[in-house]
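Trainee: Below is the structure, and that's it, no one-letter string:
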């Protein structure tokens, strides 16, 4: 220990007494900081400066008409982009846009075709067509800009889709709402007509009895006839109101048929979305069965599928309620098949949710999901897709025609009721004449009363027929339920279908800017570069005689280690107090940097101490491998298989991890794993240094001597 200490003390003394050496060493201590600081500052907030990335926008949209309303989505897109400052949108004509992209004036261009709105407007026709937005990108200008411009173009498409779904669905639901409100406003009149017709039906037996009693008691019969005559204007008005009601009811059912035809594409779209969810679940089983099973990829896929399954259960439940209401107007012929299938679909979606949860639990425990669970999930998703396919296969040919047929039947019934009421209105004069005759009969005596009594059954039959027609109509459908089905808040409904799922982001370890997030990588990298600079300019050997190999190894390492720790202090303190990088645990950030410097210096120093100049080359190769294989910039999962394979064995992997913990917030179980790996690297390095230094130095002495004779290699 004394000789090791003497080497270290002499090195420190020589630095302190030789100002040239001190200046050079201070430069070596400071240089790694510049490497880290310039890179961190350069990458401080690149994604916050995308406003300078120019994208040309050319709007050729000529507009269209949708249900009597003018529609120009191209203008809406341009107006929306003018408010968006995240990208440098530039509005020009198509010729200028294409020229600018080709010559690098714009990174990309978006062309809105002339028929854009016209194709969108075909959604409510028998032949809906998808609209196109043309996107051109010049990928030779920059490697990253195509990704940013593509994100901007995708955002435009998403915004257009959301706005269109909201407008289209809002129009459909508004029509339903208007029909329901109009029908609800007429409901008191409808109920009044119905009640009075039924009441008149019950009065006729009493009227007959009164005519019979009139034969014995003319005075009593006269009062009853007078009562009937007083009620007759009310009956007349009720019959006219009923006639008007049935006419409006026929118009309503006609609109209902149009509404169902307009709703058909949306129902099919929902069914297709449910089928896509079932297909996505099948794709998940493929990931789980893959021989190269990756838990991280599986978890991400499971999270997406779970979200889609949750939405699918809700959408299926809504569709079941819709078809149960429609079933009441179709005679119950086809709807039970659809309802049963949808209930089976909902049940299997719920089972899939449960199964996906069990699979996620198994992966969280570090286990591969049981084959039985994966097979069961695959079976359920196939069954679900099959049921939805059955419904889609029969929708155009059977289901929608049956709904329209049921509404047509209700419309026909309303027309019949209208005819009956029209006839009843025409019959009112006859009834007036009968009652008038009855009054005269009371005056002229028994002979006339018998004649009136003979004609009363005719009037009773007509009123009873009208009451029977109303009861038959009620059996075919409940008017209140139909109103509830049609009435809705069309704005909320359209907003829901435009964006049924919202993402709620929760940042567990928030870092405010990209530069701070990259500081662990650049700081770790600069410490390794600092170690390389030290071994490149300072010698690892002690030329004075009398020292053993291990004494030279440890004695000179103390010098290198001290300088490396000073480099670390300069880098980490400068990161925090000069660049103002975000660091949660500042003290540990500094301490972890000192640990990494000591370990990196030991590794590089040992390679050069044992292998000489070859060791320097080995340290550089190791640096190159760690740049790509440590996951410091891109996630390691997106790198080629070779780098993923070496990732767990690289010092940078654990060094960057330690520094990230200090920046974002420490989890000590992760730190302990990283420190254990650092201890392993120290052990392996010391084993190489102590076991091989003397042997390799002695065997390579002649080789090094010949190399120096070239006057090119020191």
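Mentor: Perfect, I can see it now. Values in this document were obtained by computation on a predicted structure and should not be read as measured data.

Trainee: hang on, isn't residue 134 packed against residue 114?
Mentor: No. Look at residue 134 against residue 114 with CB atoms under 8 Å: they stay out of range, at 11.4 Å. Just so you know, the C-beta spots here come from the backbone N, C-alpha and C atoms, and that holds for glycine as well.

Trainee: if you count what's nearby, which of the two comes out ahead?
Mentor: For residue 134 versus residue 114, the count of surrounding residues by other CB atoms under 10 Å is larger for residue 134: 16 against 12.

Trainee: Just read off the phi/psi values of that one.
Mentor: Note on residue 134: its backbone torsions stand at phi -90, psi 130 [degrees, to the nearest 10].

Trainee: what pairs with it across the strands?
Mentor: Note on residue 134: beta-bridge partners residue 111, judged by DSSP bridges.

Trainee: now it: how far from residue 672?
Mentor: Separation of residue 134 from residue 672 (CB to CB, to the nearest Å) stands at 55 Å.

Trainee: Next: residue 4.
Mentor: Going from residue 4 to residue 672 by CB to CB gives 30 Å.

Trainee: more neighbours, these two?
Mentor: A count of neighbours by other CB under 10 Å puts residue 4 above the other of residue 4 and residue 672, at 19 against 10.

Trainee: Now do the contacts for that one.
Mentor: Residue 4 makes contacts with 551, 554, 555, 558, as judged by CB atoms under 8 Å, 6 or more residues apart in numbering.

Trainee: Quick check: pLDDT value at the third one.
Mentor: The pLDDT attached to residue 555 in the predicted structure is 83.

Trainee: tally of neighbours for it?
Mentor: Quick note: residue 555 (other CB under 10 Å) scores 21 neighbours.

Trainee: For residue 3, identify the helix or strand it belongs to.
Mentor: Secondary structure assignment for residue 3, by DSSP states H and E: helix 2-17.

Trainee: Can you give me the buried ones in that helix?
Mentor: Buried residues in helix 2-17, counted by 16 or more other CB atoms under 10 Å: 3, 4, 7, 8, 11, 15.

Trainee: Helix or strand: which one has residue 354?
Mentor: Taking DSSP H and E as the criterion, residue 354 maps to helix 335-364.

Trainee: list the buried ones in the helix or strand that that helix is followed by?
Mentor: Beyond helix 335-364 on the C-terminal side, the first helix or strand identified by DSSP H and E is helix 371-394. For helix 371-394, burial by neighbour count (16+ other CB under 10 Å) applies to 373-374, 376-378, 380-385, 387-388, 391-392, 394.

Trainee: From the buried residues of helix 2-17, pick the one nearest residue 75.
Mentor: residue 15 (72.6 Å; CB to CB).

Trainee: What residues does the closest one make contact with?
Mentor: If a contact means CB under 8 Å, 6+ apart, then residue 15 has 21, 22, 25 as its contacts.

Trainee: Could you rerun that using 10 Å?
Mentor: By CB atoms under 10 Å, 6 or more residues apart in numbering, the contact set of residue 15 is 21, 22, 24, 25, 26, 559, 562, 563.

Trainee: my read: the third one touches residue 538, true?
Mentor: Going back to what we said before, that points to residue 24. Yes. The criterion here is CB atoms under 10 Å, and residue 24 meets it with residue 538 at 8.7 Å.
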